[in-house]
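K.L.:
Sequence first, then the predicted structure:
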Amino acid sequence: MSVALEIGAIKNGHTAAGNRHDKPAGPADLDASKHPTSVSNELSAAEGLSASEDKPPVDLEAIKGAVRAILQAVGEDPDREGLLETPRRVAKMYAEMFEGLTLDPGRHLDVTFPESYDEIVLVRDIRFTSMCEHHLLPFSGVAHVAYLPNGRVTGLSKLARVVEEVSRRPQVQERMTQTIADLIESKLNSKGVAVVVQAEHSCMSIRGIKKHGASTVTSALRGVFKTNQASRAEVMTLITKG
Ligand SMILES: Nc1nc2c(ncn2[C@@H]2O[C@H](COP(=O)(O)OP(=O)(O)OP(=O)(O)O)[C@@H](O)[C@H]2O)c(=O)[nH]1
Ligand SMILES: [Zn+2]
């Protein structure tokens, strides 16, 4: 697994290799039973959420209470008219932004079909917005997902669905990149997987160091894209130069 944290590195067509430090979260980590909830489906329906038995809702009441407490803590009056609905809105927003915690994105890759095509399949510029787990602020950008089929391929949109659902979790960009690559590698049994993610972190642009426009590039390589220099160069050229 290689990870590159560079400013604008993808423009120059290179990423730095690094070591894999911790195991990325896989489908097991997305087990809904690990995320107990206490809000009924009726409440979710009333809040405009798409709750169902296989997708338990987040604890909206707990979030509402917490948002109210934050408003009080910053010196606001949560009972003034303009803020009355804010806890409800924020709870609904978090339910949407963290939806991926109760979904298994790998399920989209369960259906594959035989295909003799044996060159790289690449879907570029899959737009996403995720949440930085350090500040709970969004990071947004694009994911490029490539794999080398091993006799079977998946639907192109399924790769984008995996990116979308993995992004709906609090996380760091490195782990998001690894999670996508590991899901594709395990589900498609492909000969190689390459995932490159480029994103701007609002915790770096709107606060703290306040560096607007700085982008972070991370990559996760598996199979021949990791072990074979020529294959790696080919896929990285396709990803960075289109
Ligand atoms: N590696 C990595 N770091 C991230 C990511 N998102 C945010 N961070 C960083 O997480 C770090 C948290 O640093 P802390 O010192 O604990 O928090 P802080 O005081 O808010 O840090 P500043 O952002 O420097 O003000 C910051 O350097 C962020 O830029 C990510 O996806 N990957
Ligand atoms: Zn952050």
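P.N.:
Everything's here; your move. Ligands and ions are numbered 1, 2, ... in the order given.
K.L.:
Let me see the contact set for the residue nearest the centre of the chain.
P.N.:
Geometric centre of the chain, nearest residue: residue 167, 2.0 Å, by Cα atoms, centre = their mean. By Cβ atoms under 8 Å, 6 or more residues apart in numbering, the contact set of residue 167 is 100, 128-130, 176. The way it works is simple: take the backbone N, C-alpha and C, and place the C-beta from them, glycine included.
K.L.:
just residue 204 next, same as before
P.N.:
Here residue 204 is in contact with 210-211, 214 (Cβ under 8 Å, 6+ apart).
K.L.:
hmm, try it at 6 Å
P.N.:
Neighbour list for residue 204: 211, 214 [criterion: Cβ atoms under 6 Å, 6 or more residues apart in numbering].
K.L.:
Which of the helices or strands spans it?
P.N.:
Assigned by DSSP states H and E, residue 204 belongs to helix 202-205.
K.L.:
Residue 131 now?
P.N.:
With DSSP H and E as the criterion, residue 131 is inside strand 121-132.
K.L.:
Run the chain-centre distance for the following helix or strand past that strand.
P.N.:
With elements assigned by DSSP H and E, the helix or strand that comes after strand 121-132 is strand 138-148. Averaged C-alpha coordinates place strand 138-148 at 9 Å from its chain's average position (Cα atoms, centre = their mean, to the nearest Å).
K.L.:
I'd like to check the angle between strand 138-148 and strand 121-132, please.
P.N.:
For strand 138-148 against strand 121-132, the angle by axes from the mean of the first three to the mean of the last three Cα atoms, to 10 degrees is 150 degrees.
K.L.:
does any part of strand 138-148 sit near ligand 2?
P.N.:
No: counting by Cβ under 5 Å from the ion, ligand 2 has no neighbours in strand 138-148; the shortest distance is 7.3 Å.
K.L.:
Other residues contacting that strand?
P.N.:
So strand 138-148 is contacted by 120-132, 159, 163, 184, 190-199, 201-202, 235, 239 (Cβ under 6 Å, 6+ apart).
K.L.:
Relative to ligand 2, how far out is residue 176?
P.N.:
13 Å (Cβ to the ion, to the nearest Å).
K.L.:
quick one: the host helix or strand of that residue to chain centroid distance?
P.N.:
For residue 176, the host element (DSSP H and E) is helix 173-188. Distance of helix 173-188 from the chain centroid (Cα atoms, centre = their mean) equals 10 Å.
K.L.:
Briefly note if stretch 153-172 comes near ligand 1.
P.N.:
Yes: using Cβ under 6 Å from any ligand atom, stretch 153-172 reaches ligand 1 at residue 172.
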